[in-house]
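[1] sequence unavailable; structure follows:
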C-alpha cells in the first residue's frame with residue numbers, strides 16, 4: 001500500500017527566476033497589440049510630475065493588470081512589483097498613492113482621457129477580430145447594481161434595499177451567445193440614486209456610444225430593464241435614430257389592457273434556441289392602451305409575457321390569475337413578437353457581465369474619496385476589458401472565449417513558470433503537467449502573430 005506523503009513539504013523563499021503569474025503575459029501582449037499601453041501613456045502625460053521616474057500610463061496599466069489578476073486594493077500592486085522580469089519596473093505604494101491623489105483631483109478630465117484610450121484600443125482590437133455580427137444590431141445593455149460599503153466613504157449612502165454604499169449605472173456591449181461582453185461605461189453614484197433617473201441614463205448611453213467605433217453607432221439597440229423605461233431616455237434614443245427594448249412598468253393601465261386582451265391574442269413564447277417554451281405566452285398590448293402611450297415616442301409597441309412562477313418564487317402584486325406578467329416596450333417595426341421577446345429577455349446577460357465586473361475590482365471600492373473611487377471603477381472596467389480582449393484575440397475558437405474572470409484566473413493567469421534565458425531570448429517555461437499549458441502557449445503565439 002502506497003503512503004500518501006501530501007503535506008510533508010518544507011517551505012522556503014528563493015528561486016528568483018520563478019514567475020507566479022505567468023499567464024499575465026497574455027494581458028500584457030493584448031495591451032501591446034491593442035495599443036492600449038501607448039495610448040495610456042499619451043493621454044495621461046499631462047499628469048506626469050516633473051522629474052518623475054514612472055509614467056502615469058504605465059502605472060495605470062499596472063493597476064489594471066493587478067485588478068485583472070484579482071487585486072482589490074492599491075497595495076495589491078505588490079504582486080506585479082515582485083515580478084519585474086515580466087512586468088518591468090512598477091511604482092512603489094507611495095508613488096501609486098500620490099498618482100491616485102493627482103488623478104482624483106482632476107477626475108473628470110482623467111476619466112475622459114482614459115476612456116479615449118479605451119475607445120482607441122477597442123477599435124484596434126475589433127479591427128483585428130470583431131466580436132459583433134457583420135449585420136444586425138449592436139446591443140448595448142444598460143443596468144444598475146448595488147455595491148456595499150463597510151465604512152463612511154464619501155458618497156456612500158443608504159439604498160432602497162436597506163443597505164449602504166453606492167449605486168453605479170453601467171453600460172455593456174453584448175458579444176452574443178458565443179462570447180462575453182465589454183463594460184463601456186460605469187457611472188459611480190451614491191446609494192440613494194434612483195435606477196430610473198433619465199439624466200443619468202442619457203449620460204451613460206451617450207458615453208457608451210462614444211466608446212463604439214463611429215460606423216457601428218447607427219446600428220445600436222439599447223436594451224434595459226424597467227429602470228430604462230422612462231420617457232426622456234426613449235425620446236433621446238428616438239431622436240438619435242436608434243432602436244430600444246426596455247422594461248415597462250405593469251401598472252394599472254397595463255392591467256386594464258391585459259383584462260381587455262382577447263384570449264386568442266396570446267401566442268406561444270420561445271426559448272433562446274427558438275423552440276417553444278412550455279407554460280409561457282406572449283401578446284402585444286399596443287392597440288389596447290392607446291391613451292397610455294400619448295406623450296411617448298412614435299411607433300412604440302408594448303409586448304407582454306406571462307408565465308407560471310416557478311415553485312418557491314415570490315409572488316408580485318402585478319401577477320394575475322396565477323400568471324407572472326412582465327411587459328417591455330420597443331420601437332422595432334415588424335418581426336414576430338415571440339422573437340422580440342426572446343431578444344429582450346437576453347438582457348439577462350448583463351447580469352453575468354455585472355457579476356464578472358464585481359469579480360474584477362468593482363465589488364470593493366477601496367478608497368475614501370468619491371473621485372478616487374471613480375478612478376478605481378474606471379480601472380476595473382479597463383481590467384475587465386483586458387481580459388475580454390485577450391479572450392477575443394487569443395481564444396476566439398476555444399471554450400475559454402466565454403470563461404468568466406474567476407475561471408480565467410484559476411486556469412490561465414495564475415500558472416507559474418520559470419524564466420529561461422537562452423541566447424538573446426527570454427522564455428517563460430510552463431509545467432507540462434499544467435492542464436491548460438497548451439492553451440496559454442497557443443494563445444500567446446496568436447497574440448504574437450498579430451503584433
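    On my side now, so go ahead. Given the structure is predicted, the values throughout are model-derived calculations rather than measurements. Numbering: from 1, shown residues only.
[2] so what's residue 412 up against?
    Taking Cβ atoms under 8 Å, 6 or more residues apart in numbering, we find residue 412 in contact with 23, 26, 400, 436, 439, 440, 443. Yep, even glycine has a C-beta here, placed from its N, CA and C like the rest.
[3] between the residues you listed, which is nearest residue 244?
    Distance to residue 244 across the contacts of residue 412 (Cβ to Cβ) is lowest for residue 400, with 32.9 Å.
[4] what about that closest one, neighbour count?
    19 (other Cβ atoms under 10 Å).
[5] please apply the same query to residue 299.
    Neighbours of residue 299 under the rule other Cβ under 10 Å: 12.
[6] identify the residues contacting it.
    Residue 299 touches 331, 333, counting by Cβ under 8 Å, 6+ apart.
[7] using the three-state scheme, assign it.
    When classified by DSSP: H, G, I helix; E, B strand; the rest coil, residue 299 comes out as coil.
[8] residue 432 now?
    For residue 432, the secondary-structure state derived from three-state DSSP is coil.
[9] now do the one 3 residues further on
    The assignment at residue 435 comes out as coil when based on three-state DSSP.
[10] check the one 5 residues further on too.
    Assigned with three-state DSSP, residue 440 falls in the helix class.
[11] how about low-confidence regions in the protein?
    Within the chain, the segments meeting pLDDT under 70 span 1-16, 310-322.
[12] so which residue is smack in the middle of it?
    Here the mean C-alpha position of the chain is nearest to the C-alpha of residue 183 (Cα atoms, centre = their mean), at a distance of 3.3 Å.
[13] Three-state assignment for the nearest residue to that residue once chain neighbours are set aside, please.
    Closest residue to residue 183 apart from its sequence neighbours, by Cβ to Cβ, 6 or more residues apart in numbering: residue 381 at 4.3 Å. Here residue 381 takes the helix state, with states given by three-state DSSP.
[14] what's near enough to touch residue 408?
    387, 391, 400.
[15] which residue ranges form the strands in the stretch 1-150 of the chain?
    With strands called from DSSP state E, counting those that start in this stretch, the stretch 1-150 of the chain shows them at 18-19, 138-144, 147-148.
[16] the strand or helix carrying the residue nearest to the centre of the chain vs strand 138-144, what angle?
    Secondary structure assignment for residue 183, by DSSP states H and E: strand 181-187. With axes from the mean of the first three to the mean of the last three Cα atoms, to 10 degrees applied, the angle from strand 181-187 to strand 138-144 works out at 50 degrees.
[17] packing partners for strand 181-187?
    On a contact count with 3 or more Cβ pairs under 8 Å, 6 or more residues apart in numbering; DSSP states H and E, strand 181-187 meets strand 169-174, helix 198-211, helix 349-357, helix 370-394.
[18] what residues are up against the residue nearest to residue 183?
    Applying Cβ under 8 Å, 6+ apart, the residues near residue 381 are 118, 183, 185, 186, 357.
[19] try residue 142
    Neighbouring residues of residue 142 by Cβ under 8 Å, 6+ apart: 169-171, 201, 204-205, 208, 222-224, 227-228, 350.
[20] ditto for residue 117
    Going by Cβ under 8 Å, 6+ apart, residue 117 touches 36, 39, 40, 42, 43, 44, 57.
[21] switch to 6 Å and redo it
    Contact partners of residue 117, counting by Cβ atoms under 6 Å, 6 or more residues apart in numbering, are 39, 40, 43.
[22] so which of these is the most crowded?
    residue 40 (27 neighbours).
[23] and the closest residue in space to that one that isn't next to it in sequence, how far from residue 51?
    Spatial nearest neighbour of residue 40, chain neighbours left out: residue 57 (3.4 Å); criterion: Cβ to Cβ, 6+ apart. Residue 57 is 17 Å from residue 51, where distance means Cβ to Cβ, to the nearest Å.
[24] now swap in residue 390 and tell me
    Residue 390 sits 35 Å away from residue 51, going by Cβ to Cβ.
[25] ranges for the helices of the stretch 201-350 of the chain?
    Secondary structure of the stretch 201-350 of the chain by DSSP state H, counting those that start in this stretch: the helices cover 231-240, 252-260, 337-345, 349-357.
[26] and the residue lying closest to residue 221 once chain neighbours are set aside, how many neighbours does it have?
    Distances taken as Cβ to Cβ, 6+ apart place residue 137 nearest to residue 221, at 3.9 Å, with adjacent residues excluded. By the criterion of other Cβ under 10 Å, residue 137 has 18 neighbours.
[27] isn't residue 137 up against residue 222?
    No - counting by Cβ atoms under 6 Å, residue 222 is not a contact partner of residue 137; they are 9.7 Å apart.
[28] return the residues in contact with residue 342.
    Residue 342 is in contact with 270, 272, counting by Cβ under 6 Å, 6+ apart.
[29] repeat that with 10 Å
    Residues in contact with residue 342 (Cβ atoms under 10 Å, 6 or more residues apart in numbering) are 269, 270, 271, 272, 273, 274, 277, 282, 305, 336.
[30] and which of these is nearest to residue 106?
    Nearest member of the contacts of residue 342 to residue 106, counting by Cβ to Cβ, is residue 272, at 44.8 Å.
[31] circling back to that earlier point, now, of the contacts of residue 412, which are buried?
    Buried subset of the contacts of residue 412 (neighbour count, 16 or more other Cβ atoms under 10 Å): 23, 26, 400, 439, 440, 443.
[32] residue 47 versus the second one, what's the distance?
    Taking Cβ to Cβ as the measure, residue 26 falls 28 Å from residue 47.
[33] tell me how far the closest residue to residue 167 other than its chain neighbours lies from residue 28.
    Counting by Cβ to Cβ, 6+ apart, residue 193 is the residue found nearest to residue 167 once chain neighbours are left out, at 4.6 Å. Distance, residue 193 to residue 28, using Cβ to Cβ: 36 Å.
[34] residue 114 too?
    Where residue 28 is concerned, residue 114 sits at a distance of 18 Å (Cβ to Cβ).
[35] also residue 226?
    From residue 226 to residue 28 the distance is 42 Å (Cβ to Cβ).
[36] now swap in residue 121 and tell me
    Residue 121 is 13 Å from residue 28, where distance means Cβ to Cβ.
[37] who has more neighbours out of these two?
    Each of residue 121 and residue 28 has its neighbours counted (other Cβ under 10 Å); residue 121 has more, 24 against 20.
[38] tell me how many other residues crowd residue 363.
    Residues contacting residue 363 under the criterion other Cβ under 10 Å number 14.
[39] quick check: closest non-adjacent residue to it.
    residue 147 (6.7 Å).
[40] what are the bridge partners for that neighbour, then?
    With DSSP bridges as the criterion, residue 147 is bridged to residue 166.
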